[in-house]
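[1] Got a predicted model here, sequence first, then my questions.
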Amino acid sequence: MTMLKIENLHARVEGREILKGLSLTVNAGEVHAIMGPNGAGKSTLGNVLSGRDGYEVTEGTVSYNGVDLLTLAPEARAAAGVFLAFQYPVEIPGVNNTYFLRAALNAQRKVRGEKELDSMQFLKLVREKLKVMQISDELLHRAVNEGFSGGEKKRNEIFQMAVLEPQLAILDETDSGLDIDALKQVAQGVNTLRSPHRAFLMITHYQRLLDYVVPDFVHVLADGRIVESGDKSLALKLEEHGYADIGAGAAA
Amino acid sequence: MSQPARLPLFESLLEASLPSSGIAWLDAARQENLQAFAEGGLPDTRVEAWKYTALRALGQRRFATVDTAAAAATVDPARLALPGVDGMRLVFVNGVFSAELSRLDDMPAGVTLQPLSQALRGDSEALRFSLSRHYREPGDAFARINAASARDGVVLRVAAGVRIARPVQLVFVGAATGSELAWHARNVIELAEGAELSLVEQHLGGDEANQLATLVCDVEVRAGARLQLALLQNAASGCNLIRRSSLRLHAGAEVGMHVLELGGALVRHDLQAELIGDAARLHTRGVFMPHGRQHMDTQLAIRHQALNTTSNSTWRGVASDRARGVFRGAIVVAPGADGSDASLGNKNLLLSASAEIDTKPELEIYADEVKAAHGATVGQLDERSLFYLRSRGMVLAEARALLTAAFCRAMLDDLPNEPLREHLSTLLLDQLPMA
């Protein structure tokens, strides 16, 4: 079943066109990797899909479960099941991680007409997720991302994803800056969450993550468009030959 | 200085003459301060310390100074309760001591806590130094009228080496009387050598109270003494509160102060601290949160006058609606105060386009080997943080409230009294326009 349908998407940042006619279809249960050189528009795609200010869509459509995603506020997208794991998770001093996550989850549940969780119910849920994600509960007592190492921040993103249980998870360079152990841990978290009802969009520069989270599809994004698509072997080809001779075939 | 304008406010305050106290030096001091007020008038915005706080509107009103002991009956004692604060309590209603609302039994040995009106009937000579002060600065009008007109206030003394575990509470209630009322209170607080005390000063009021209140508070912290001082200003929305605290810290004295400015109409706080003994330490944290049409002006002035003294001050302001905040933080490191360490920071948030905050840090250093840092900013909430919270499902208003609350609450992090800290955090949250 089609979950996300992006057609001919054009988007600007600060007056400069970054996405130039991007089209992509993602079905429930699939894992798509979006690869490409720096400046191709990878992060812009994640930001446009999650509704960040300053990204102006000038043309094209994004349909998510039959709804026009681009008309929704960021929080409405979250409540509808869209999750962005940030490339640079934001530090928020003075806001406790657990408090924040419960408030976020309950805000989403409220929109969906579900009963809000009290602190006991929430704690139970969090304990389960920590166990599955193999994350220490020490993370919970700190302020959101404050003083976290790079690896801790990325793991915290995956942990939030586990608690919020989105339908469409967009991972924006979640692998960048991770050592191999942290990478494996993040990958294991993602694999645990794979399900027939959930889709992943993994934005990455390197194919390293794809050794641990095997994608169903790999797309190459160059100059604001998808120029080549294939299965996981495309990622290996990129690893071998680089991005230099990609796109020539698609443009023809 | 030019001839003071005969504003209605000025004239109404001038009419307030006290009956003779029966103490010659006190009557003389009152008379001299009244005279100084009459000659100096009210400061206008040409006086540097009043540059951002204009008295034009307030100046058109008349506030009558009358005896209002009867108003005490209208105060619900439950409103005075503060979590984590269960020691002695001294309560004033419209500047008049209320024995019914106060809690003065179980006074520990080594502590004197009584209303000024009673203290003057006893050994008044002990108060002579404090109450004979003359105020000479052009901006001192309200200190002068306070010295001339205050009939009551707090006298609190802790003897050498005495440590008081339970926080002492001072409460000033502004109760509605149906007329525009002026009242004045004068506090004299002294911790002798090595004494320890935790003190909470609270201002609150009924919604209908239209008042002008002045409060002058002298705090002497002798060598090695330690004072924790929390100020919760939650006065009625019709109450204009003009307050001055003067602290003197002797050698090795330590003062930790937390200020929360929430209520009132026009609120002015002159907080002056002199570090006169070697290695004295002052730590201040404050939050001012004007909303509606409130005007809050904090003037912090710290003088390092001895060797190796330390002051560390962080203040935050949040202004919403059409409110105005003013912060001036001045640090002077005097000649000879070598080895001093002074830091002062003031960050502010504007939550609406019509709100305004003026902040001005000042640093003057006349000594050697000094560490000093200061800075001030005015801004909006961080867009990246807002988006992060929203991307997780929080609605915009909730995300704003959460970030603003965190910004303010950080000022309470090191308040040692946990139940009080939690209570003040809740008050902060309640004050936020989007909460």
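    Structure's in. What do you need?

[2] Cross-check the contact I'm expecting between B:T45 and B:G59.
    No: B:T45 lies out of contact with B:G59 (CB atoms under 8 Å); the separation is 11.7 Å. (Each C-beta comes from the backbone N, C-alpha and C, glycine too.)

[3] Comparing those two, which residue is more hemmed in?
    B:G59 (16 against 12; other CB atoms under 10 Å in any protein chain shown).

[4] my guess is that one meets B:L7, correct?
    Yes: between B:G59 and B:L7 there is a contact at 3.8 Å, judged by CB under 8 Å.

[5] what residue ranges in the chain score low on pLDDT?
    I'll assume chain A. Residues of chain A meeting the criterion pLDDT under 70: A:245-252.

[6] right idea, wrong chain: chain B
    For chain B, residues meeting the criterion pLDDT under 70 lie at B:1-5, B:67-73, B:433-435.

[7] Which residues of it lie near chain A?
    Within chain B, the positions adjacent to chain A are B:382-385, B:387-396, B:398-399, B:402-403, B:405-407, B:409-410 by CB under 8 Å from any CB of the partner chain.

[8] Show me just the buried residues among those residues.
    Neighbour-count burial (16 or more other CB atoms under 10 Å in any protein chain shown) is assigned, among the residues of chain B next to chain A, to B:385, B:387-395, B:398-399, B:402-403, B:405-407, B:409-410.

[9] Keep only those of those residues that are in helices.
    In this view, those that belong to helices under DSSP state H are B:385, B:387-391, B:398-399, B:402-403, B:405-407, B:409.

[10] tell me the two of those residues that are most distant?
    The distance between the two most remote of those (CB to CB) is 23.0 Å, for B:S391 and B:R409.

[11] Now distance to B:L424 too, for the ones in helices among the buried ones among the residues of chain B next to chain A, in a markdown table please.
    Shown next, in a markdown table, are those (distance: CB to CB, whole Å):
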| residue | distance to B:L424 |
| --- | --- |
| B:S385 | 23 |
| B:F387 | 30 |
| B:Y388 | 27 |
| B:L389 | 24 |
| B:R390 | 28 |
| B:S391 | 31 |
| B:E398 | 21 |
| B:A399 | 23 |
| B:L402 | 17 |
| B:L403 | 18 |
| B:A405 | 12 |
| B:A406 | 14 |
| B:F407 | 15 |
| B:R409 | 9 |
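
[12] from those residues, which is closest to chain A?
    Comparing those against chain A with CB to the nearest CB places B:A406 closest, at 3.0 Å.

[13] Next, the contact list for that closest one, please.
    Applying CB atoms under 8 Å, 6 or more residues apart in numbering or on different chains to B:A406 gives the contacts A:92-95.

[14] just B:M394 next, same as before
    Listed by CB under 8 Å, 6+ apart, the contact partners of B:M394 are A:75, A:103-104, A:107, B:402.

[15] Give me the phi and psi angles of it.
    Per-residue torsions, B:M394: phi -70, psi 140 (degrees, to the nearest 10).

[16] Kindly report the same for A:S63.
    Dihedral angles (degrees, to the nearest 10) for A:S63: phi -110, psi 130.

[17] That one pairs with what?
    Taking DSSP bridges, one obtains A:K5, A:D68 as the residues bridged to A:S63.

[18] Can you report how many residues lie near it?
    A count of neighbours around A:S63, defined by other CB under 10 Å, yields 16.

[19] So it sits against A:S23, correct?
    No: distance between A:S63 and A:S23: 11.6 Å, which falls outside the contact criterion (CB under 8 Å).

[20] what do these two both touch?
    Shared contacts of A:S63 and A:S23 (CB under 8 Å, 6+ apart): A:E7.

[21] which residues does the nearest residue to B:R293 once chain neighbours are set aside contact?
    Residue nearest to B:R293 in three dimensions, not counting chain neighbours: B:R322, with 5.3 Å by CB to CB, 6 or more residues apart in numbering or on different chains. Shown in contact with B:R322 (CB under 8 Å, 6+ apart): B:292-293, B:352, B:354-355.

[22] Please identify the helix or strand for B:Q118.
    Secondary-structure assignment from DSSP states H and E places B:Q118 in helix B:116-119.

[23] Packing partners of that helix?
    In terms of contacts (3 or more CB pairs under 8 Å, 6 or more residues apart in numbering or on different chains; DSSP states H and E), helix B:116-119 is packed against strand B:154-158, strand B:181-191.

[24] and A:L45, how many neighbours?
    A:L45: 27 neighbours (other CB under 10 Å).

[25] gap between it and chain B?
    Distance, A:L45 to chain B, using CB to the nearest CB, to the nearest Å: 15 Å.

[26] What strand or helix carries that residue?
    Using DSSP H and E, A:L45 falls within helix A:42-50.

[27] Name the residues that touch that helix?
    Helix A:42-50 has contacts (CB under 8 Å, 6+ apart) with A:9, A:11, A:13, A:18-19, A:22, A:34-36, A:55, A:57, A:62, A:69-70, A:74, A:77, A:82, A:84, A:87, A:170, A:172-173, A:201, A:203, A:205, A:221, B:391.

[28] In helices, which of the residues you listed appear?
    Using DSSP H, the subset of these located in helices is A:74, A:77, B:391.

[29] Reformat the residues you listed as JSON lines; add distance to B:P115.
    Putting those into JSON lines (distance: CB to CB, whole Å) gives the following:
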{"residue": "A:P74", "distance to B:P115": "57"}
{"residue": "A:R77", "distance to B:P115": "61"}
{"residue": "B:S391", "distance to B:P115": "57"}
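
[30] B:A38: which of those residues is nearest?
    Checking these against B:A38 with CB to CB, the nearest one is A:P74 at 61.6 Å.

[31] so that closest one makes contact with A:G51?
    Yes: when contacts are counted by CB under 8 Å, A:P74 is listed as touching A:G51 (3.8 Å).

[32] Give the residues shared as contacts by the two.
    Taking CB under 8 Å, 6+ apart as the criterion, A:P74 and A:G51 both touch B:390-391.

[33] The two: which is more packed in?
    A:P74 (25 against 22).

[34] just how off-centre is stretch B:24-38 within its chain?
    Mean-position distance between stretch B:24-38 and its chain equals 24 Å (CA atoms, centre = their mean, to the nearest Å).

[35] cool, and stretch A:113-122?
    In terms of CA atoms, centre = their mean, the centre of stretch A:113-122 is set 25 Å apart from its chain centre.

[36] Stretch B:333-348: which residues count as buried?
    Buried-residue list, stretch B:333-348, by 16+ other CB under 10 Å: B:333-334, B:337, B:339-342, B:344-348.

[37] B:C217 and B:Q272: what is the separation?
    Distance, B:C217 to B:Q272, using CB to CB, to the nearest Å: 10 Å.

[38] before we move on, what about A:Y64?
    As judged by CB to CB, A:Y64 and B:Q272 stand 60 Å apart.

[39] which of these two has more neighbours?
    A:Y64 (22 against 15).

[40] could you list every residue that touches that one?
    So A:Y64 contacts A:3-5, A:77, A:80, A:82, A:168 (CB under 8 Å, 6+ apart).

[41] mind running it again at 6 Å?
    Contact partners of A:Y64, counting by CB atoms under 6 Å, 6 or more residues apart in numbering or on different chains, are A:L4.

[42] cool, A:A169 as well?
    Going by CB under 6 Å, 6+ apart, A:A169 touches A:83, A:161, A:200.

[43] that older thread, give me the buried subset of the contacts of B:M394.
    Buried members of the contacts of B:M394, scored by 16+ other CB under 10 Å, are A:75, A:103-104, A:107, B:402.
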